[in-house]
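Participant: I'd like to go over a predicted model; first the sequence, then the structure.
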Amino acid sequence: MDDVNLNPCLQNQNWDGGNEKRANIDVVVEDHQDEEMLPINTPEKFECAICLHPCEYPVQLPCKHIFCFLCMKGSAKQSQRCALCRQEIPDSCFLNPPLLNEEQLEKTVTFDKNYQWFYEGRNGWWQYDERTSREMEQRYKTNETSFDLLIAGYVYTIDFEKNIQYRQDNPMKRRQIKRDFVNIPEKKGIAGIKLNQSSQGRPGPLGGEIPSMVSRLDSNACDDSVMSPPAPNNTPQSPANSPLHSTFSSEQDLSLHLENLQLTESHST
């Protein structure tokens with residue numbers, strides 16, 4: 001039998017001793033596992049388990065799983081649970097997302113030197129996330145009139161002719177869109193993430209913005225007199241247990257009204 005050139009790493013192996021061979025293989029496997037489990041230092045290297053792309057605006061949930069903010073919000077639209085372990089996602093993750101890389105909000109891509117894409121929000125405009133805005137700009141430059149896009153778990157139609165976006169499953173849910181300067185005064189934030197720390201107007205888990213009244217509750221500024229105004233007592237729907245001061249005020253108003261009517265009648269006669 002002719003001699004066979006063996007790999008230098010295998011020439012020194014003792015092929016008579018099976019235990020030694022297994023021990024050597026175990027060492028190789030152990031070294032490989034250590035290499036695979038090296039920590040990742042930069043958030044840009046995290047891969048989202050939902051979209052299978054590098055995380056965009058990565059957020060880390062209390063269960064330690066990491067997703068894109070929009071992917072996390074889209075997957076939570078049904079049960080508000082983690083897409084991997086099914087642990088419940090608290091509302092704080094939507095009000096104040098635990099971003100791993102807040103600098104990504106400041107590194108905004110622009111087109112034609114200083115333009116970006118925006119969609120309508122409450123009392124302002126939200127800038128699209130980078131992936132969506134790049135897709136929109138590409139379609140816009142090729143003179144397409146409309147196209148479909150997956151955003152936060154929903155398929156939207158982007159209509160450049162009417163300057164609107166609407167959901168395919170519910171066309172009545174639509175918003176205005178526009179291409180404008182990146183630093184417009186009414187800019188609220190990017191992809192539903194506010195640029196400041198205020199939670200007012202922040203999108204909730206189902207995509208709608210949190211009302212300003214709820215935001216004031218989250219900021220520990222709750223006032224029972226503001227949240228629960230007294231019901232009127234001069235309507236058939238008035239509850240029987242309405243506050244006494246409301247009844248007193250209504251009776252005073254009624255008395256003044258009757259006096260005014262009497263004065264008017266006396267002057268007319």
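Facilitator: That came through, no problem. Numbers count the residues shown, from 1 in each chain.
Participant: quick one: low-confidence ranges for the stretch 1-150 of the chain?
Facilitator: Applying pLDDT under 70 to the stretch 1-150 of the chain flags residues 1-44, 103-104.
Participant: again, only this time at 50
Facilitator: The model of the stretch 1-150 of the chain has pLDDT under 50 over residues 9-10, 12-13, 15, 17-41, 43.
Participant: can you map out the strands along it?
Facilitator: Along the stretch 1-150 of the chain, counting by DSSP state E, counting those that start in this stretch, strands occupy 58-60, 66-68, 115-121, 124-127, 146-151.
Participant: now, of the ones you listed, which is deepest in the fold?
Facilitator: Comparing the strands of the stretch 1-150 of the chain by mean neighbour count (mean count of other C-beta atoms under 10 Å), strand 66-68 ranks first with a mean of 24. Quick note: C-beta positions are derived from backbone N, CA and C, even for glycine.
Participant: Run me through the strand neighbours of that strand, direction for each.
Facilitator: Each strand paired with strand 66-68, and its direction, by DSSP bridges: strand 58-60 (antiparallel).
Participant: Now do the partner strand: everything it contacts.
Facilitator: Contacts with strand 58-60, where a contact means C-beta atoms under 8 Å, 6 or more residues apart in numbering, come from 43, 46, 48, 66-69, 72, 93, 97-101.
Participant: can you rerun that using 10 Å?
Facilitator: Where contact means C-beta atoms under 10 Å, 6 or more residues apart in numbering, the residues beyond strand 58-60 that reach it are 43-48, 65-73, 89, 93-94, 97-101, 104, 193.
Participant: got the domain boundaries for this structure?
Facilitator: Dividing the chain into domains by automatic domain parsing, as the record does, gives the ranges 43-95, 108-191.
Participant: Most tightly packed of these?
Facilitator: Using mean count of other C-beta under 10 Å, the stretch among these with the largest mean neighbour count is domain 43-95, at a mean of 18.
Participant: before we move on, back to that, can you list which of the contacts of strand 58-60 are found in helices?
Facilitator: Judged by DSSP state H, these include F69, L70, C71, M72, K73, C93, F94, Q104 as members of helices.
Participant: Return the distance of the residue nearest to F160 when sequence neighbours are not counted relative to P62.
Facilitator: In space, F160 comes closest to T145 once its chain neighbours are excluded; the distance is 5.6 Å by C-beta to C-beta, 6 or more residues apart in numbering. With distances defined as C-beta to C-beta, to the nearest Å, the gap from T145 to P62 amounts to 44 Å.
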